[in-house]
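Peer 1: Sequence first, predicted coordinates after that:
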Amino acid sequence: MGKATGFLQYQRQAPRRRPADERRRDYFSVYLPFPEQELRTQGARCMDCGVPFCNWGCPLHNNIPDWNDLAYHGRWQEASRALHATNNFPEFTGAVCPAPCETACVLGINQEPVTIKAIENFIVERAFCEGWIRPVPPECRTGSRVAVVGSGPAGLAAAQQLNRAGHDVVVFEKADRAGGLLRYGIPDFKLEKQVLDRRLDQLRREGVEFRCGAHVGADVPVAALRRFDAVVLAGGAGRPRDLQVPGRELRGIHFAMDFLVGQNRRGAQDTPGPGEAITATGKRVVIIGGGDTGADCLGTALRQRALSVHQFEILPAPPDERAPETPWPLWPRMLRTESSHEEGGTREWAVATTRFVGDGDGNLTGLDAVRVGPPPDFTPVAGTEFTLEADLALIAMGFAGAAVSGLLEQLQVGFDGRGNVATDDGHMSSAPTVFAAGDMRLGQSLVVRAIDDGRRAAQAVDRYLRGRARRQFRADG
Amino acid sequence: MNSHKGTCPAQGSRGLYDPRYERDACGVGFIANIKGEQSHGIIEKGIEILLNLSHRGASGCDPETGDGAGILIQIPHAFFRRACAGLGFALPGPGEYGVGMVFLPVERHQRLICEGIVERVAREEGLQVLGWRDTPIAADAIGRIARATQPYIEQVFIGGAPDGDALERRLYIARKRMEAEVAQSEIRDKDFFTIPSLSSRTIVYKGLLLASQIARFYGELSDPDVSSALCMVHQRFSTNTFPTWRLAHPFRYIAHNGEINTLRGNAAWMAARQATLQSPLFGADMGKLFPILSPGGSDSSMLDNAVELLVQAGRTLPHAMAMLIPEAWAGDPAMPAATRAFYEYHASLMEPWDGPAAIAFTDGRVVGAILDRNGLRPARYVVTGDDTVILASETGVLPLEPGQVRFRGRLQPGRMFLVDLEAGRVVPDGEIKERLAGRRPYAQWLRENQATLEDLPDPRHWLQTDLETIVRRQRAFGYTAEDQSAILAPMASLGQEPVGSMGIDTPLACLSDRPQLLFNYFKQFFAQVTNPAIDPIREEMVMSLATFIGCERNILDETPEHCHTLKLEQPILTNSEFEKLRRVSWRDFLAITLPVFFRVGGGARELERALQELCRRASLAIKSGYTLLILSDRGVDEEYAPIPSLLALTAVHNHLIREKTRTQVALIVESGEPREVMHFSLLLGYGASAVNPYLAIETIEDMHRRGLLPERVTLEGAIENYRKAVGKGLLKVLSKMGISTLQSYQSAQAFEAIGLNRSLVETYFTGTSSRIEGVGLDVLAEEAKMRHARAFGPAAEADPGLDTGGRYHYRAQGEYHLFNPDTIRLLQRAVREGDPGIYREYAAAVNDRGRRLCTLRGLMELRKAAHPLSPDRVEPANEIVRRFATGAMSYGSISREVHETLAIAMNRIGARSNTGEGGEEEERFRPDANGDSRRSAIKQVASGRFGVTAHYLVNADELQIKISQGAKPGEGGQLPGHKVDEIIARVRHSTPGVPLISPPPHHDIYSIEDLAQLIYDLKNINPRARISVKLVAEVGVGIVAAGVAKAHADVILISGHDGGTGASPLTSIQHSGIPWELGLTETQQVLVLNDLRSRVRLQTDGKLLTGRDVVVAALMGAEEFGFSTAPLVALGCVMARKCHLNTCPVGIATQDPRLRGRFQGRPEHLIGLFSFIAEEVRGYMAAMGFATIDEMIGRVDMLDTRNVSRHWKAKGIDLSPLLYSPAVPGRVGRRCTSAQDHGLGQALDHELIERSRPALEDGTPVEATLPIRNVHRTVGAMLSGEVSRRHGSEGLPEDTIRFRFTGSAGQSFGAFLAPGITLSLEGDANDYTGKGLSGGKIVVRPGAGTGLAPEENVIAGNTVLYGATGGQAFFSGIAGERFAVRNSGATAVVEGVGDHGCEYMTRGTVLVLGATGRNFAAGMTGGIAYVWDDTGLFAPERCNRSGVDLEPLVQEADRALVRDLLRRHVEQTGSPRAARILAGWEAQSGKFIKVFPREYKRALGIPLGAVDGAVDGDAAAVDGDAAAGDGRGAGADI
């Protein structure tokens, strides 16, 4: 398979981004299209390892060597088939996945890894382009009905798998458009929303019913779920972690997700909801939290023409290369530079915010911070206190589990120690016929894990439904 | 000769020991007076021959008890008349009575019952017992064990019928009845009863004797009245030491040296065809002869049974022999057409009895010998001036004055040597064959009665590929994406079996969670030690895939209808071809299709019912006159699942055998299931005549349509490629068993099942070995159901594709692998960071058998001691690691950096690294400046003998003979040219860029006594090194190991099937060999039972990964432990499985300098690994209460298997046979406590060394003349060891030490001869002359005054100059088969050679001044040969031109070289032929042909093809496929 010596002949070619100056001015994808020939050459670098660590590193266990080889040979349709065998939505992961496959790639031991993610993305885009991605409705229906609550990657994956297995699937989405975090959490420049829409279209045509603006537990009574043979909870882990320091009540301090959702609604020509109408335009912005969400806020703030942007991270700056305690093939601790970081802003490491400062009218004017030592103690370093002027502070410190009130409370599901819905091995929660998937079960995680968990949940639900049918059949007979 | 059963008292199977797998080999010979004149002297000389063949036999734990010896002579009438008169009864005239040699129970009462049966049966057969005679014996002449089991020996004299053939036939019927009646009786000691001979012409004296004992034991043999015109002798070397009087040779007609590999198939067919046997000579008596093959006999005794049936039913003895052991008729262009027709006709009658065989045969009137088609056993003969002919496994078995010899010859492959004592002459082979071929118009019969597929009309339509349903059907038959990409794609695009590396680490089928195809529960047999594997590529001429379909007829008759068969050139049918068969109606050929499905919801009960129904329908079809039964699983649907095709086949096959109708039909399998070579091997090996793999073919079409095959390949081409790949694969499977023809492989059942339960095996796989129980019909039904659900279950739609597979390459969602990302990363991190905590995580991940079942050891628990030891009382880790060795990984397969790192690490901790097969650079023999040593303690000697020089051998602590290798037992290998760089070429004594081929067998080990010889050779050259023999586990390996122990190995290594490899066909990696747990425990049990355990050390290897693995191995009997994969992983290997592609991403298994630079491993990593393992071992030892490893060895009682998991498959497994511990007295050792006696004391070399002192010490030339005999073996090797040790590889200046010998030299004359030594011999030499010649000089010429024309006489045996690396050799005379095989540097002149000359040669120069045998230059990739071709036959018939160009002698350099060699030859030997050629140089030089390997040319940069005046135009017709294909196919041999 592949080209035996490809990795010796060719260098890694990462996908090219548009110039930072240019892309800062719009919300289009930061990436330039990958020329086909170059991409095939990248596929040739795959060694088709006997133990493909990429396949292990990928939560979906994508059969990466298989489609790398097909890409190398330009057999795009077969590649798409192989890609979809394990991943319902390669275009999502192809766009936003941090690619733990690449950091596990065997080439990474002593060379640059294969550009797996770019290949994945190319294959699926090509497949859409060629019209190979068509609805795959089931041949026959089982008659079982499944409700999926939440239309993020986990919910969508579960819905598609269950529908294809012949069950009737209804997806409840509290927002007025489906997609969950994919639509509202991820800025357009990282995932253009038509990518999401064309996939939703496939699901609809396959027979999945979407009920948007249907907030189960709020405007849809939980009782409505009783009509279903099974329920899959895929509502995400939306409860943001807060920063409880003096001054938190000041105006101008927001959760990152509210800020991002607002921008995404505007991008879709919708009106931002209450608490989401936040802009960074002309403001001095501080983002508290150095992760991906923080980076998304950074890119968005820059696009909104903030005066300045600072991004605080409490951890010390990671090394430029893989840190020794995370050797290959583990997910490395190392400095990552997202596209947003190229576009501007200042990153501050080992900084803890001690106080928000207001102007006396309840408006934020700045924050007090201090340099800290390494984890787990984060001991403040005496004499390093400083103050930063700011008009807008965005808290991007991650999430603390699922929103308990409403749906989950009414369903009376149990929780695990980390505030996530607890399930047994078969994804079933403590409430009978109620299953859970994605961040709601796992806690905040990657899109790729959400898809994987959605698929697994679907498998569990299918097994459950078929077993129940058998049990009924026996009882009847 | 696989003995079937020991004699009295019967040795049943115990634990894993199964007497069915006993083997032996031997020395054989005869002496006869051509004119038929009887004399006592013939017998005396016969016994002397036997004595001089002693070294070919063996003794077991009791040195006074031999494995068996015997002689066969004509009835000494004068003696018996006298003796019987003394007993009070008179004998009629010579030939008018028969004499029976009878072995009887010792206990009087039981003996009398047996005698009574003999007398009654004789009477009932119209014969009359004239009297009995107690055969006088000297009981004290034999050993303790032989005495303990000695039968009562009597002679019975029977008359009363007309003489001649009628009397013989009557005696035959009577004997068969007597044997059968006693066998069926209730007599307690009936196992004693045997009738070694009952004839009016010949008598056999044999027993559990040493050659030296026979004359004293049977005192009458010394009586001057005992006279005969012939004396056939046999000396046995058996793997066991159990008493086996009856298995001594000769039998009634034959004495055999070799082994019948196809015995199971032959026996099965013979049993099946009993129903059709008819002969006017026997009439209604036919049934009295059944069973034709006496149960409990050895392969040789069964062959003897077959011979006597054919002879008694009217065929001549030569006819019977030619029928049973045919020549390789299909591949020999030089064979006369009539002879070929004779063989082809007889191929329709019966399958060959295939295997290495030199068989001496006689009926008292003719005496002769025949050699198998491969010529795998030696047979030399001499005709003397006084009309005596002597034939034996060796030359020189009788001292002869040079003037006495009229002719010296050798038996050639497939040829027959016959002395007609009545006509008083030697009948040449050509005349015998001509006479046989002329018996009937065979060619005409064939023309009129035999058809091929092409002769059948094309079908109007056939079932086309159905792409709509293909995925569903693929799922129903368990197809995975990997089956397509890893198996079918390479086969369909390249016509090759796919190649992989690094062995297997997946669960056994019986432990896998995934539904397995029934095929996966079986493992292939392979040849090791007792018979050789064949090279199906280089020696294709002996191989054949042809099968004959048709109903069998009475083999005792000979009619045109007997060849009314359909001949298939190969057994894999395409969908359209198959349709021809389905619709065939041609004379009595009529086919019927029987569906093979079962109702999937009904489980095992439905499956069983469906099988019964299938059998019933088969019987009905036969009654209705159908002759072809097609078992078809076309048409799977929602409700019905296919019965596993193999199960359907064996159900019908065994049913019809029981019903005695099997030979009336051919079974043909039409199935969607088979796709890999292994699948086809199994179907054919269990009795299918042909297979139509329709779904595999459809899958190829689907892949072709989807663009998954290369664009250049057409659909037809793809299917043809696939079929070709299967064919090649089948040949490989056959050949690794040592079987040449598919016809004799069919029904040979050359497989072992692992984890199938007894009732399943007994019903459906009768006769197959399955030793640990396990899976039954219920699980097979469940697995079929799981596959079916995947195809038709409700959720099947959600995922459109096939399951990923993950067998060959890891996939997270696929099959489990012991080496997976988690274990690899943990192990690497543990050794790099030196962190015992991480190692414990790794070990836990491997040892955790609760989660995943993978290995047999994983099913066992270690018992804890009631009183654990405190850890500080346990042997320290630095002692334990001394028992560790790294595996044989050659420099060439792995990079120099890795090879040296392994050596340095192992030397630092006092353990052993292994060179592997590839030599070692000399500079590494000296320590480095920092005190490290890069010298590998173990030097391997493998079939390629690369770099095996005298100097290499003396620089070893251990010499390891690799018989087989876990990943590809029974196969050779190839180091592709691109891996042979400058240094590797130097170390391997070859040319950079030229590919190097390792032959499948060691060409000096075709049998157990050959192995003993090689061990003796190696011990001679380096007496300080211990000799180790590496075997791979398979059923019967324990018995082979017992033979190896008797052949004086110091260490026996039992490798598991899962060992790694640099390159091997996936079929071999996956499907041959068995886990070491089975092999090791069997070996331990057999060695203990035989009291051989105390003289050898046992080592085991095969994916040993943790300390727990070591502990289990020790408890099972291993003293030492080998590791390969784990060390490589510790050094950075990530199991990329790219070894065969030279693209190892971490610089380990590669020679690419760019990649080698990436190697990050350090000796410390390896040392860390072994310390961790040793510490883990210590932890277990403390818990188990063992202070030392020695205490643990063989303590199987500390293994607990009671809690074999509740896994749905594994729950039926019974491991108790592994834990059997033979109940033997305390004095019988269970571990090694003493050393072998290698018998070096008698070596002639002690005297040579003594005489060479001045030369050894200060280079003063020495010279001496000595007599030599065949019992002087390996002359010159010990002396060479001395030279190399003192003077390095350079040795001494030419001719510093010169010895002249007169007589017949024993085997391995001049082995490994070092530079500076010259051995010249007047007389002749045996096999292996100049083996491994390392720079010395050997000269062999006829003795002065013989008057023989040297160029017409055989002067040296087989396999001369095998693996020579340098030096010179001159032979004035003809040498045997495989002259200069694998020569890599020697210069040799010879005046004629046998078949396969210069095979696998890689360097050096060979000049042949005379005729060559067939297949010259096969696999030759380097060096040059010049052949003086007087007859013009060389180019068209004799040379294998697939890899060489033939050119005339035009270039001046060549002409000068040849002239120089001729001059030197004359100077050294006085050769008259060389002198004549020189004298007529201008005329003669035109007869020389230069044999120039194309690979060598390429490496030298000489353009191919465009050669001036190439010898005949098609010289450049390269079998590109064989050449290119091989390169990919075989890969590096580790």
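Peer 2: In hand now; what should we look at?
Peer 1: interface residues of the stretch 1-150 of chain A facing chain B?
Peer 2: Residues of the stretch 1-150 of chain A found near chain B (C-beta under 8 Å from any C-beta of the partner chain) are A:1, A:4-5, A:7-8, A:47-53, A:55-57, A:61, A:63, A:65-66, A:75, A:77-78, A:81-82, A:84-86, A:104, A:106-107, A:109-110, A:136, A:138-139, A:142. Just so you know, the C-beta spots here come from the backbone N, C-alpha and C atoms, and that holds for glycine as well.
Peer 1: Please flag which of these sit within strands.
Peer 2: Members of these lying in strands (criterion: DSSP state E): none.
Peer 1: which of those are buried?
Peer 2: A:1, A:5, A:7, A:47-53, A:55-57, A:61, A:63, A:65-66, A:75, A:78, A:81-82, A:84-86, A:104, A:106-107, A:109-110, A:136, A:138, A:142 (16 or more other C-beta atoms under 10 Å in any protein chain shown).
Peer 1: what's around whatever residue of the stretch 351-477 of chain A ends up closest to chain B, how many residues?
Peer 2: For the stretch 351-477 of chain A and chain B, the shortest gap (C-beta to the nearest C-beta) falls at A:Asp462, measuring 5.2 Å. Neighbour count for A:Asp462, taken as other C-beta atoms under 10 Å in any protein chain shown: 24.
Peer 1: Repeat that for B:Gln612.
Peer 2: 12.
Peer 1: From A:Pro98, how far off is it?
Peer 2: 60 Å (C-beta to C-beta, to the nearest Å).
Peer 1: What number of residues are in the vicinity of the residue in the stretch 51-200 of chain B that chain A sits nearest to?
Peer 2: As assessed by C-beta to the nearest C-beta, chain A sits closest to B:Ala58 within the stretch 51-200 of chain B, at 44.0 Å. Neighbour count of B:Ala58, defined by other C-beta under 10 Å: 28.
Peer 1: I'd say it and B:Glu1009 touch.
Peer 2: Yes - counting by C-beta atoms under 8 Å, B:Ala58 touches B:Glu1009, with 7.4 Å between them.
Peer 1: what sits in contact with each of these two?
Peer 2: Shared contacts of B:Ala58 and B:Glu1009 (C-beta atoms under 8 Å, 6 or more residues apart in numbering or on different chains): B:237, B:1047.
Peer 1: Assign B:Leu1321 to helix, strand or coil.
Peer 2: What DSSP: H, G, I helix; E, B strand; the rest coil gives for B:Leu1321 is strand.
Peer 1: which regions of chain B sit below the pLDDT cut-off?
Peer 2: The model of chain B has pLDDT under 70 over residues B:1-14, B:59-61, B:240-243, B:794-799, B:849-851, B:1204-1205, B:1504-1534.
Peer 1: before we move on, the earlier item: what sits against the residue of the stretch 51-200 of chain B closest to chain A?
Peer 2: B:66-67, B:237-238, B:1008-1009, B:1012, B:1043, B:1046-1047.
Peer 1: Then B:Ile487?
Peer 2: B:498, B:675-676, B:1066.
Peer 1: Same check on B:Tyr1362?
Peer 2: Taking C-beta under 8 Å, 6+ apart, one finds B:945, B:1003-1004, B:1328, B:1330-1332, B:1378, B:1380-1383 in contact with B:Tyr1362.
Peer 1: at 10 Å what do you get?
Peer 2: B:943, B:945, B:948, B:999, B:1002-1004, B:1308, B:1311, B:1327-1333, B:1378-1383, B:1399-1400 (C-beta atoms under 10 Å, 6 or more residues apart in numbering or on different chains).
Peer 1: one step back: of the contacts of B:Ala58, just say which sits nearest to B:Tyr1220.
Peer 2: B:Gly1043 (20.9 Å; C-beta to C-beta).
Peer 1: Excluding residues flanking it in the chain, which one is nearest the residue of the stretch 251-400 of chain B found nearest chain A?
Peer 2: At 34.1 Å from chain A, B:Asn261 is the closest residue in the stretch 251-400 of chain B, using C-beta to the nearest C-beta. Once flanking residues are discounted, B:Asn261 sits nearest to B:Gly355: 3.9 Å by C-beta to C-beta, 6 or more residues apart in numbering or on different chains.
Peer 1: What of A:Pro319?
Peer 2: A:Met334 is the one closest to A:Pro319 (C-beta to C-beta, 6+ apart), at 5.9 Å.
Peer 1: So for the helix or strand hosting B:Glu179, what gets flagged as buried?
Peer 2: Element membership of B:Glu179 [criterion: DSSP states H and E] is helix B:165-184. Neighbour-count burial for helix B:165-184, counted by 16+ other C-beta under 10 Å, picks out B:167-182.
Peer 1: Which two among those are spaced furthest apart?
Peer 2: B:Leu167 and B:Val182 (22.3 Å).
Peer 1: count of residues packed around B:Thr1188?
Peer 2: B:Thr1188 has 13 nearby residues by other C-beta under 10 Å.
Peer 1: re the thing from before, what helices and strands are in contact with the helix holding B:Glu179?
Peer 2: Packed against helix B:165-184 by the contact rule (3 or more C-beta pairs under 10 Å, 6 or more residues apart in numbering or on different chains; DSSP states H and E) you find strand B:98-104, helix B:108-124, strand B:152-159, strand B:194-199, helix B:299-312.
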